[in-house]
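# no letters, just coordinates:
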């Protein structure tokens, strides 16, 4: 929770600054690049290691980023390292992207299909998701033959599973439920029959026969 709150705070500050400077797109690209750079094992070790001097860390960052990102983005990278937040950089990038997408009423849809979707199919999926979400959808596609057919769409925290694999699993569960229900009903009927027989037997025992009388 704390990590997410810190990431959102930094992302919010970056968003406000770049919105005023009209550099949203470029800054978002920069922040993603910084996050990818900080994920490199050797550099990540250098930036986290307390025994390595701050000057050496700053030199490494400047050499890696000065020619590739905006000055404000470079300053962000240096600040993150100075405050020991290297592990937060990916979260900051994710939160910043969310802010940019919300600002533009956009959402990214991750579409998984068993085979590649052509342009017409992608357009149909995009239109359907836009009607459902009320946002302008940006589609990212991937292929996973294991879903057998159909598609799986993930938009933020929402997932729409229209895959053949899911439908088969649902059908299997439905059949198992029906079988279980039928077995239970049959068992109930058998118990009832036994109960009726027991009641009759008990009645025969308690009621004296004509000969006994």
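Yep, it's here. Bear in mind that the values here come from a model prediction, so they are computed numbers and not experimental data.
# spatially central residue in the protein, please.
The centroid of the chain falls nearest to residue 157 when counting by Cα atoms, centre = their mean (5.4 Å).
# from residue 110, how far off is that one?
The gap separating residue 157 from residue 110 is 12 Å, by Cβ to Cβ, to the nearest Å. Heads up, the C-betas are built off the backbone N, CA and C, glycines and all.
# do the same with residue 151
The value you get for residue 151 to residue 110, if Cβ to Cβ is used, is 10 Å.
# higher neighbour count, the two?
residue 151 (18 against 14; other Cβ atoms under 10 Å).
# the more buried one: which element?
Assigning secondary structure by DSSP states H and E places residue 151 in strand 150-155.
# please identify the buried residues of that strand?
Buried residues in strand 150-155, counted by 16 or more other Cβ atoms under 10 Å: 151, 152, 153, 155.
# mind giving me the packing neighbours of the next helix or strand after that strand?
Moving toward the C-terminus from strand 150-155, the next helix or strand (DSSP H and E) is strand 158-163. Applying 3 or more Cβ pairs under 8 Å, 6 or more residues apart in numbering; DSSP states H and E, we find strand 158-163 packed against strand 150-155.
# and the particular helix or strand that has residue 58 in it, which residues are buried?
Using DSSP H and E, the element containing residue 58 is helix 54-65. The neighbour-count check on helix 54-65 (16+ other Cβ under 10 Å) flags 57, 60, 61, 64, 65 as buried.
# for the residue nearest to the third one when sequence neighbours are not counted, give me its contacts.
Setting aside the residues directly before and after it, residue 61 is nearest to residue 77 in space (Cβ to Cβ, 6 or more residues apart in numbering), at 5.4 Å. Neighbouring residues of residue 77 by Cβ atoms under 8 Å, 6 or more residues apart in numbering: 34, 38, 61, 65, 69.
# ok, of the residues you listed, which one's closest to residue 147?
Distance to residue 147, by Cβ to Cβ, is smallest for residue 38 among the contacts of residue 77, at 33.4 Å.
# check what pLDDT the closest one gets.
Listed pLDDT for residue 38 reads 94.
# isn't it up against residue 44?
Yes: between residue 38 and residue 44 there is a contact under Cβ atoms under 8 Å: 6.0 Å.
# anything in contact with each of the two?
residue 86.
# and the strands in the protein?
Counting by DSSP state E, the chain has strands at residues 106-113, 136-143, 150-155, 158-163.
# redo those as a markdown table? Include distance to residue 52 and mean pLDDT.
Shown next, in a markdown table, are the strands of the chain (distance: least, Cβ to Cβ, whole Å; pLDDT from 0 to 100):
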| stretch | distance to residue 52 | mean pLDDT |
| --- | --- | --- |
| strand 106-113 | 37 | 94 |
| strand 136-143 | 37 | 95 |
| strand 150-155 | 40 | 92 |
| strand 158-163 | 42 | 88 |
